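> Quick one: sequence plus predicted model below, questions after.
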Amino acid sequence: MIQVRTAEDRGRTDWGWLDSRHTFSFGEYYDPAHMGFGTLRVINDDRVTAGAGFGTHGHRDMEILSYVLEGALEHKDSSGGGGVIRPGEIQFMRAGSGVTHSEYNHSRVEPVHFLQIWIVPDTRSLKPAYGQSTFDREAARRGFVRLASRDGGNGTIAVHQDVELSVTMLAPGEKRELPLRPGRQAWVHVARGSVAVNGTVLREGDGAAISAEENLTFLGESGAEVLVFDLA
């Protein structure tokens, strides 16, 4: 079963310097029908103007991932973590028992476009942590590349939850298969382009909740960059 959440149906926050589209309820956008999917709580599609960003603020008990599509994002937090990420990298902050942080567009000239992803951990009050890693974009053009997982194996970001996050990039007409283990469900988010998943076409910004499917077949409609969350 595939249930589509279209880009147009998402919530929106527009503060001038920030244009954010919310797949699930977030901040002042509240929709009781869209509070997350399993342990996946937030996917915010954020565009921040040059030199602007989120001032220091606090979080707790959340695994937070940032995935940059264009530009560069600068991060600093109270756990001592900090860095700049660009396309081909993923950033992680464990809010755990409590952390304050800031995120800014690293450029004074160009905007930054990134996805902010929150996953509910399986344990509360964990020690805050920070990490970032690169991934092989060329490998993602040939198949699925894991970005985050529970065990942190093969260079993935380790998250405190039974979830695997993968990325793939498909040219028009390219086909790719991804099996789902029994009892698993998936959320697919199209970061760029368009793709058909088991015959259902998803366009940029669309998401889909997938359950009771043994296999996912991806067919590129246009050049597509797709994130897949494999969830318990």
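Arrived safely, thanks for sending. Residues are numbered from 1 along each chain as shown.
> My understanding was that residue 43 contacts residue 189; is that so?
Yes - under the criterion of CB atoms under 8 Å, residue 43 makes contact with residue 189 at 5.8 Å. (Each C-beta comes from the backbone N, C-alpha and C, glycine too.)
> Please enumerate the shared neighbours of the two.
Counting by CB atoms under 8 Å, 6 or more residues apart in numbering, the shared contacts of residue 43 and residue 189 are 23, 115, 207.
> Would you map out the domains in this structure?
The record's domain parsing of the chain by automatic domain parsing lists 11-135, 145-231.
> what separates the longest one from the chain centre, distance-wise?
In terms of CA atoms, centre = their mean, to the nearest Å, the centre of domain 11-135 is found 9 Å from the chain centre.
> same check, this time on the shortest one
Once both centres are worked out by CA atoms, centre = their mean, domain 145-231 turns out to sit 11 Å from its chain's centre.
> now swap in stretch 223-232 and tell me
Between the centre of stretch 223-232 and the centre of its chain there are 9 Å (CA atoms, centre = their mean).
> Of all the residues in it, which ones are buried?
Neighbour-count burial for stretch 223-232, counted by 16 or more other CB atoms under 10 Å, picks out 224-231.
> And the shared contacts of residue 43 and residue 189, which is closest to residue 1?
Closest to residue 1 out of the shared contacts of residue 43 and residue 189 is residue 207 (14.4 Å), distances taken as CB to CB.
> how near is that closest one to residue 21?
When distance is defined by CB to CB, to the nearest Å, residue 207 is 11 Å away from residue 21.
> what's the overlap in contacts for those two?
The contact sets of residue 207 and residue 21 do not overlap (CB under 8 Å, 6+ apart).
> So between these two, which is more surrounded?
Between residue 207 and residue 21, residue 207 has the larger neighbour count (other CB atoms under 10 Å), namely 25 against 21.
> pLDDT wise, what is the nearest residue to that one once chain neighbours are set aside at?
Of all residues not flanking residue 207 in the chain, residue 5 sits nearest, at 4.3 Å (CB to CB, 6 or more residues apart in numbering). Looking at residue 5, its pLDDT reads 98.
> re earlier: which single one of the buried residues of stretch 223-232 is nearest to residue 160?
Proximity of the buried residues of stretch 223-232 to residue 160 (CB to CB) peaks at residue 231, which lies at 14.0 Å.
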